[in-house]
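Asks: got a predicted model here, sequence first, then my questions.
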Amino acid sequence: MKVALTIAGSDSGGGAGIQADLRTFAAHGLHGTSAITAVTAQNTVAVVDYVALDPRMVVAQIDAVAADILLAAVKTGMLANRAIVEAVADALARLRLPHLVVDPVMVAKSGDRLLDPAAEAAYRERLFPLAEVVTPNLAEAEALLGRPVRSLDAMAEAARDLHAQGPRAVVVKGGHLEGEPVDVFFDGRRMERLPAPRIATRNTHGTGCTLSAAIAARLALGHELLEAVRGAKAYLTEALRGAYTLGRGAGPFDPLHPLTRR
């Protein structure tokens, strides 16, 4: 069985973070392992509080898994602060783990910045050069580049400029644009627009985590990079079709749909 590792925060509401990643790995037939970076107190309405783990403990989890289990892919989610970003980058460079997908979790759905500028710089300088693909949403692309990214043309330029920072490929996610959601993929050679139908639901908590985990899972299974991204988007669209209301806010969707709909 193929094995993937998620390095991310724990979501007590169960919709995003480690919880979403592990369900996504399972839906793809992978065994999921984890290194928790932070413990959050959250529900469908808000993140109430969180505590970041000591970077030493984050690295200890990565090392423990990698020392015993053959990993086929890795993804990162919430890394919480500069010290954790740098420690994770050091560990991944040292271990040379394959198929790294970096979801640069920097901006909350409310628009609030989750990281300080030093941590954002550490992403660009330390993690991006190790990544097979980086998956920022529009707000994260703006934070990384320091300029607005609010159209398909701007997304294409953002993908080019982020690619120049070291990753093999970039997916700029356009789900927050009006109209049909379109992502932009660039790998230094191919610039592709990747449309998908917009599913009418407010229950979208964890979409970014799930997309990056699905890309990592498909890379672990041997898919070519653009094929993995296209397949992950199709998988996420079907998961959104199965979204369900849970609580008073933005609920989850169904990342286990390949299993639950059989």
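Replies: Sure, I can see it. Small disclaimer: the values here were computed from a predicted structure and weren't measured. Residues are numbered from 1 along each chain as shown.

Asks: pLDDT below threshold where in the stretch 101-250 of the chain?
Replies: 108-113 (pLDDT under 70).

Asks: which residue ranges of it form helices?
Replies: Here the stretch 101-250 of the chain has its helices, by DSSP state H, counting those that start in this stretch, at 117-122, 138-145, 152-163, 207-220, 225-241.

Asks: quick one: secondary structure of the residue nearest to Leu22 when sequence neighbours are not counted?
Replies: Nearest residue to Leu22, sequence neighbours excluded (C-beta to C-beta, 6 or more residues apart in numbering): Gly32, at 4.1 Å. All C-beta spots, glycine's among them, are computed from the backbone N, C-alpha and C. Following DSSP: H, G, I helix; E, B strand; the rest coil, Gly32 is assigned to strand.

Asks: and Ile7, by the same measure?
Replies: strand.

Asks: my guess is it meets Ala35, correct?
Replies: Yes: with contact defined as C-beta atoms under 8 Å, Ile7 reaches Ala35; the gap is 4.5 Å.

Asks: show me the contacts for the residue nearest to Leu22.
Replies: Val3, Ala4, Leu5, Thr6, Asp21, Leu22, Phe25, Ala26 (C-beta atoms under 8 Å, 6 or more residues apart in numbering).

Asks: cool, Asp103 as well?
Replies: Applying C-beta under 8 Å, 6+ apart, the residues near Asp103 are Lys75, Thr76, Gly77, Val134, Thr135, Gly208, Cys209, Leu211, Ser212.

Asks: which one of the helices of the stretch 101-250 of the chain lies closest to His99?
Replies: helix 207-220 (4.0 Å; C-beta to C-beta).

Asks: helices or strands up against that closest one?
Replies: strand 3-11, helix 17-27, strand 73-76, strand 100-102, helix 225-241 (3 or more C-beta pairs under 8 Å, 6 or more residues apart in numbering; DSSP states H and E).
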